[in-house]
Structure formats: C-alpha cells, structure tokens
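> Predicted structure and sequence below. I'll ask about it afterward.
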Amino acid sequence: MILVRVVAPHFVAGLETDGTVRRAAPILKKLVGMTDAQARAFIASKGWRASIVEKSP
C-alpha cells in the first residue's frame with residue numbers, strides 16, 4: 001500500500017492506494033475505488049497537489 005498526501009488550500013489529507021484508491025480521509029472519500037490515473041486527474045482538476053509519503057528506515 002502506498003500513502004499519498006493531498007494538499008489543497010483549505011486542507012491536507014491522505015489516501016492509500018495499491019493501484020486503486022482503497023482508503024481515504026473523509027474529505028477525499030469520493031476517490032475510493034478510483035484507479036490511480038482517475039484519482040490523479042481528479043486531484044489535478046481541482047488544482048490540488050499530491051505526493052507519495054516515503055517510508056522511514
């Protein structure tokens with residue numbers, strides 16, 4: 001599972017994906033079930049930024 005941080009002007013939230021969004025913060029709940037490509041397109045259309053959260057050693 002990959003953790004992704006989404007930053008918008010009015011919130012910062014996370015989601016988990018394995019190619020399909022499996023879990024997401026309540027504000028991102030409409031992304032659950034979307035493919036990564038669909039989620040990226042939606043996030044970009046809103047002008048938000050997304051980044052993968054790297055694991056600590």
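Cool, got the structure.

> Check which helix or strand the residue nearest the centre of the chain maps to.
Closest to where the C-alpha atoms of the chain average out (Cα atoms, centre = their mean) is Leu15, at 4.4 Å. If you go by DSSP states H and E, Leu15 is part of strand 11-17.

> That strand - contacts with which helices or strands?
When contacts are defined as 3 or more Cβ pairs under 8 Å, 6 or more residues apart in numbering; DSSP states H and E, strand 11-17 packs onto strand 2-8, strand 21-24, helix 36-45. C-betas here are computed from N, CA, C, even on glycine.

> Let's see that with 7 Å instead.
strand 2-8, strand 21-24 (3 or more Cβ pairs under 7 Å, 6 or more residues apart in numbering; DSSP states H and E).

> Please work out which of the ones you listed is packed deepest.
Ranked by mean neighbour count, the helices and strands packed on strand 11-17 are led by strand 21-24 with a mean of 18 (mean count of other Cβ atoms under 10 Å).

> Name the surrounding residues that touch that one.
Strand 21-24 has contacts (Cβ atoms under 7 Å, 6 or more residues apart in numbering) with Met1, Leu15, Glu16, Leu31, Val32, Gly33, Met34, Ala39.

> so what's the third one bridging to?
So the one you mean is Glu16. Leu3, Arg23 (DSSP bridges).

> Surely it and Ala25 touch.
No - Glu16 is not in contact with Ala25 according to Cβ atoms under 7 Å; the separation is 10.0 Å.

> now the closest residue to Val53 other than its chain neighbours: how far from Ala50?
The shortest distance from Val53 to any non-neighbouring residue, by Cβ to Cβ, 6 or more residues apart in numbering, is to Leu3 (4.3 Å). Between Leu3 and Ala50 the computed distance is 11 Å (Cβ to Cβ, to the nearest Å).
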